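In: sequence unknown, structure follows:
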């Protein structure tokens, strides 16, 4: 198997290419199947060793390999050993699962990767082009005042906040992944008792990697049908909470689509106050929701409603990628506790992720407009309306509170087998839920589910749903 | 004093604004002097606490401050205590030095910040605009094959390398700062004996911050006139080399302009082999040099000439910012040891700094063209030719091997006093050398020098040189 270190919301791999993508790292499935063992296929792949390792031959080309062996490595400095604790990405595991499977000669439809595919609004592109003079100056890590003001105003409008200070409570970031990762590095302190980072389960793998690379132990809160996909805080022992320095929350949840309610937030705030940890709330799916009159509750909004207008111990992470269909722009924002953001800004001046000034201006344009975001929601709403009735009888897929995912229970209960056989029978790709979760509290809460991302055009989603329905008969 | 967390090659501050900058965070000096204590002045500043701390009043606005005090912080999670070990940035210290100084009514000329000011070539802007479709897709952390191939080809051409594998020995990065910082995090391992990161002294402050935040102790190699600004490896004890995990090299050096020669590289490679550490060579100034027939030696080139074609233990960091006058683009590249880059890529998939695809295409265009780089060098050459003869008698400034800096010994030997009095007399800003260095081996090797960045237009540089000459009479 040839893996490539491309990444969408996780690493992607050669067997599951997005049909619309131009990235030459990503090959189309048929081509891969024909040449997966050829030298040409190897040449085209990145040829790097994935975390779960292949042999050296696959790592470097034969020429380099020989040279390596001849020279011998006089020293081999061990890199940070925390890297060895990282888990394979879900898409690497999917690649291994589908390796060698020959799908039928139907058009491939990928519902596995959560990459938005609606077009980028023209006015965002225009704002970038109008501000190319920005290429000639170093940007500040804190971003332009105007960008911070714009992000703060968006948070205030969207979540009904009477106050959010652009000077101290907001920062721009180069997408939520970058920020979610860096935040853990800025927060987690070495301590005699191993520090803990609490994560939902299933979850976005960056939380776990951020915890491990910060030297912390990830501890999981299972979200299952039996607990209504809520976070059961009592499932983690008090002595573990006592060691907790950071808790990731994802609302709307990836992959469950579950939105945390006010009671859920109250319980988390209480716990954070009691045990002195920080909450990182990943809200990158917050703008994809079914009811125009019922936007998902956000963390800052919950804090405000509960009288915590200083947002103490809370930082919220958001992104333009899904909201504005600009996954390539690499732009998002964080907001919350000023004391934490002050330190996070200091960290970021070294971290070195100041945003391209032209990108900052494009972001300002995007945050200031809601019409395109409503249009975006209409598109997703149409897909859910068309697809859920077809799928529901087959895979127990009900529409999520929010996000563009269906978290669907598969017939037979074996998500890996379902995904592999579905691919073999229909050329439709979905992601086994167990790859998005870890064994914890005696179970893998992703097991038995698949994640279905309704990101392709509606016609493709409907076609895929029809094939899935047929397959399940 | 109001500090802003803008950063150029370091944090910048309100008293030393680049005249051409549009960033509203940066105010012009006269305006600052008039309102530095006013509420309006505060409102315009970012209002964050610098690392060397001011009181809470300066941190948040009065309203927020009251709210903070009323609510009390039930918990105050300590952020990563390594953050407290970070030093103030050179430009914060310069801000403090010039605080309250009233310059004369001459035009301000800033020679303190190393920000390129030549215009961005039109074809780079055009390549970005032609590839805006890239905003609609998630980029891979490893970048486009085409970008890696282009960077590899550039390294091969520029440094006469017979081989550099784009699949395994090259990665794109969002500027050299981001990469220099992240690399230390990916390399440095916890160890029973405190790990050491060796840095040149004087140096680019990111090396020190990267070391501290990775949990390592920075140890310094002084570069002084008495050692010809070379790296005296024997000045560090063997037991310290034994604990060394990473060594930063900067060639051409910031601020000395010194280029490491082949003997220097041989000594470093020997040491790295013997003690098993990794070399990070910051070469972001490599394309600014005086003799078109004598481009500075690079680390990969040195390795090749010394028969180390696997580049073991070496990773080189470069950037388009200075080469192509695109400091706002945030684009650079790293190349070297495939084993290290494999692990660095893995780290970077979590680190989350994939490059905007439109920026990748603009970068491809930039790396593929050398004509604009030669033009750029001509401009700097003209400045040095015009300025050095004026300055030389006054401040013992000789032209550097490479880079756009003059590392000038000041009359009287007190660099802080020189910089302050020069500003007070002429409105010309230079950076005291001691701010770029640390006390080590019984001295501060930056003391007695100022860094003069010849980045403004030639006429401004000449005007500034004349004022400095007058001041020194």
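Out: Nice, I can see it. Bear in mind the structure is a predicted one, so any value in this text is a computation, not a measurement. Numbers count the residues shown, from 1 in each chain, chains lettered A, B, ... in the order given.

In: which helices and strands sit right next to the longest helix seen in chain A?
Out: Ranked by residue count, the top helix of chain A under DSSP state H comes out as helix A:371-395. With contacts taken as 3 or more CB pairs under 8 Å, 6 or more residues apart in numbering or on different chains; DSSP states H and E, helix A:371-395 sits against strand A:405-409, helix A:458-472. Every residue, glycine included, has its C-beta placed from N, CA and C.

In: state the mean pLDDT of that helix.
Out: Per-residue pLDDT over helix A:371-395 has a mean of 95.

In: in that helix, what's buried?
Out: By 16 or more other CB atoms under 10 Å in any protein chain shown, the buried positions in helix A:371-395 come out as A:372-373, A:376-377, A:379-381, A:383-384, A:387-388, A:390-392, A:394-395.

In: returning to what we had before: can you lay out the helices and strands packed on helix A:371-395 as a markdown table showing mean neighbour count and distance to residue B:148?
Out: Below are those laid out as a markdown table (neighbours: other CB atoms under 10 Å in any protein chain shown; distance: least, CB to CB, whole Å):
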| stretch | mean neighbour count | distance to residue B:148 |
| --- | --- | --- |
| strand A:405-409 | 24 | 32 |
| helix A:458-472 | 19 | 31 |
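
In: next one: the closest residue to residue A:393 other than its chain neighbours from residue B:190, what distance?
Out: Leaving out its chain neighbours, the residue that sits closest to residue A:393 by CB to CB, 6 or more residues apart in numbering or on different chains is residue A:469, at 7.6 Å. If you measure residue A:469 against residue B:190 using CB to CB, to the nearest Å, the figure is 53 Å.

In: now do residue A:431
Out: From residue A:431 to residue B:190 the distance is 34 Å (CB to CB).

In: those two: who's more crowded?
Out: A direct count of neighbours by other CB atoms under 10 Å in any protein chain shown for residue A:431 and residue B:190 places residue A:431 higher, at 29 against 14.

In: how far out from the middle of the chain is the helix or strand hosting residue A:151?
Out: Per DSSP states H and E: residue A:151 is located in helix A:145-159. The chain centre lies 23 Å from the centre of helix A:145-159; the measure is CA atoms, centre = their mean, to the nearest Å.

In: do stretch A:462-472 as well
Out: 26 Å.

In: you'd agree residue A:142 is up against residue A:168?
Out: No - between residue A:142 and residue A:168 there is no contact under CB atoms under 8 Å: 10.2 Å.

In: burial measure for the residue of the stretch 351-473 of chain A found nearest chain B, as a count.
Out: Closest approach between the stretch 351-473 of chain A and chain B, counting by CB to the nearest CB: residue A:352, at 3.5 Å. By other CB under 10 Å, the residues close to residue A:352 number 23.

In: and it, what does it touch?
Out: Residues near residue A:352 by CB atoms under 8 Å, 6 or more residues apart in numbering or on different chains: A:141, B:174, B:175, B:177, B:178, B:179, B:180, B:181, B:182, B:206.

In: again, 6 Å this time
Out: B:177, B:178, B:181 (CB atoms under 6 Å, 6 or more residues apart in numbering or on different chains).

In: most neighbours of all those, which one?
Out: residue B:177 (31 neighbours).

In: check which helix or strand that residue maps to.
Out: In this structure, residue B:177 is located in helix B:176-187 according to DSSP H and E.

In: equivalent analysis for residue A:316, please.
Out: Short version: residue A:316 belongs to strand A:314-319, going by DSSP H and E.

In: continuing past that strand, what's the next helix or strand?
Out: Going down the chain from strand A:314-319, the next helix or strand is helix A:320-323, by DSSP H and E.

In: could you pull out the helices for the stretch 201-350 of chain A?
Out: A:206-213, A:238-243, A:262-275, A:299-305, A:320-323, A:338-351 (DSSP state H, counting those that start in this stretch).
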